[in-house]
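>>> Kindly return the folded structure for what I paste below:
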Amino acid sequence: MTALLHFVASPGADFAGHTAQYVSLCAASFAAAVVLGVAAGAAAAHRAVLAFLAVNASGIARAVPIIAFLAFAVPYLGLGFPPAFVALTLLGIPPVLLNTWAGLRGIDPSVIDAARGTGMTGRQIARRIQAPLVLPAVASGARTSAVQIVATATLAAIIGAGGYGDYILAGLYQVDTTQILAGTVPVSALALLAELGLGAAERALTSPGMRVAAA
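Numbering: from 1, shown residues only. Have a look, this model is predicted:
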């Protein structure tokens, strides 16, 4: 532990710089995955053909190793941040998309019919009824997405995106446990923070009525 602390504190390790690279890559990929996943899930919930395509494409995407996404993106986007961002975004979309789709499909149609019967517009139904009911499911998908992105982004170092993966690669090449720990420990901490933080957000977004029903 002492060796790890000395390494992290040393100017040559540039721990702050690697942290900034890693956090910015994960945050940007996560934000894009949530926006695209929610949009695709909402569209698929109202169209059977889109639902079939989206659900099956998500299943295929989850089965493809992230290294394959990186290898595919490099010839078109070069090295560094852009291909890593695209690959991690694609990795993070499926959980959000599937949870959004399932959440919207799980809303009782009679609730929507009753809202229409009271004269609510489609936008009002989406904002006042569907959004509160589906938000917990979206938050659950976002939590899974965030943990996957944080845990996998170390591989982005292979294509020059930097971050904690640089320490892990250098440690493997040099057989240096200290450098490996300098990469794995903060990644584990970030993944845990994402799990706990978004888990708290999911609970906060669940209405009291839904909590009582679940209990």
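
>>> From now on I want contacts and neighbour counts done on CA atoms only, so please keep to that.
Noted.

>>> next SSE after the helix ranked longest in the chain?
Criterion DSSP state H: the longest helix present in the chain is helix 15-45. Moving toward the C-terminus from helix 15-45, the next helix or strand (DSSP states H and E) is helix 48-63.

>>> name the helices or strands packed onto that next one?
Counting contacts by 3 or more Cα pairs under 8 Å, 6 or more residues apart in numbering; DSSP states H and E, helix 48-63 packs against helix 15-45, helix 81-105.

>>> Name the residues of it that come out as buried.
51, 54-55, 58, 61-62 (16 or more other Cα atoms under 10 Å).

>>> what's the weakest-modelled helix or strand in the protein?
When the helices and strands of the chain are scored by mean pLDDT, DSSP states H and E, helix 208-214 comes last with a mean of 52.

>>> And for the nearest residue to Leu192 once chain neighbours are set aside, the neighbour number?
Excluding the flanking residues, the one nearest Leu192 by Cα to Cα, 6 or more residues apart in numbering is Val147, at 7.8 Å. Neighbour count of Val147, defined by other Cα atoms under 10 Å: 22.

>>> Quick check on Val147: phi, psi?
phi -60, psi -40 (degrees, to the nearest 10).

>>> Find the centremost residue of this structure, please.
The centroid of the chain falls nearest to Ser145 when counting by Cα atoms, centre = their mean (2.7 Å).

>>> what residues are up against it?
30, 33, 91-96 (Cα atoms under 8 Å, 6 or more residues apart in numbering).

>>> how close does it sit to Thr206?
The gap separating Ser145 from Thr206 is 19 Å, by Cα to Cα, to the nearest Å.

>>> which SS class is the residue nearest to the centre of the chain?
Under the three-state scheme (DSSP: H, G, I helix; E, B strand; the rest coil), Ser145 adopts helix.

>>> what pLDDT does it get?
pLDDT, Ser145: 93.

>>> And for Val185?
At Val185, the model reports a pLDDT of 93.

>>> sorry, back to before: nearest to Ser188 among the contacts of Ser145?
Taking Cα to Cα as the measure, Ser188 lies nearest Phe30 of the contacts of Ser145, at 16.7 Å.

>>> which residues touch that closest one?
So, once contact is read as Cα under 8 Å, 6+ apart, Phe30 ends up touching 88-89, 92, 145-146, 149.

>>> which one of these has the most neighbours?
Counting neighbours by other Cα under 10 Å, the top entry in those is Gly92, with 32 neighbours.

>>> So for it, what's the nearest residue that isn't a sequence neighbour?
Per Cα to Cα, 6+ apart, closest to Gly92 is Ser145, 4.6 Å.
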